[in-house]
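[1] Could you work out the structure for the sequence below:
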Amino acid sequence: MKEELVDQIFTQLQTMGLSPRKGGDSDITVDCELLDAKGGSGEKKISYENAILIDEGAKTVFLFEKTTEKSKGFSFGSSSESSFQSGKTLSRHVKGTFIGLNGQITNYDFDIGEISKRVKEISEKSGFKCKTVIRRKSTQR
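    Take a look at the predicted model:
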């Protein structure tokens with residue numbers, strides 16, 4: 001049952017373009033850059049990471065998520081972000097346009113909250129609870 005659940009979540013993360021990895025300290029991990037835009041003397045990066053541990057005995061999927069956003073230098077553009085927090089779960093939608101000094105335009109639109117939503121749906125369909133944790137250590141064996 002656990003391997004089936006790992007495979008289902010892994011496949012869903014792949015279809016979302018997140019490049020998940022199996023094994024290690026957690027059952028599944030993701031560590032990727034959603035945006036790496038550079039132009040002129042400006043730069044913007046958005047990184048996302050998660051770790052998932054499935055406890056078959058407790059029938060619980062533990063999920064840790066973290067996003068990091070860095071901007072530096074001088075650039076033009078616009079951005080908008082909407083966030084919703086329910087308990088420990090943060091749903092975040094980041095959308096914007098980055099324009100470097102050289103005129104290069106980069107549009108971005110990420111619904112980061114969709115990731116945890118899909119993990120939770122898959123978990124519940126398999127009869128597992130999905131628990132978001134605030135420390136990565138909680139998703140390690």
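[2] Now for this protein, the helix or strand with the poorest mean pLDDT.
    None of the helices or strands of the chain scores lower by mean pLDDT, DSSP states H and E than strand 76-86, at a mean of 49.
[3] can you pull out the helices in this protein?
    Counting by DSSP state H, the chain has helices at residues 2-15, 113-125.
[4] The ones you listed: which one's closest to I28?
    Smallest distance to I28 across the helices of the chain (C-beta to C-beta): 5.6 Å, for helix 2-15. Using the backbone N, CA and C atoms, a C-beta is placed for each residue, glycine as well.
[5] Taking helix 113-125 as reference, get the angle to the closest one.
    160 degrees (axes from the mean of the first three to the mean of the last three C-alpha atoms, to 10 degrees).
[6] Pull out the buried residues from helix 2-15.
    Neighbour counts using 16 or more other C-beta atoms under 10 Å place 5-6, 8-10, 12-13 of helix 2-15 among the buried residues.
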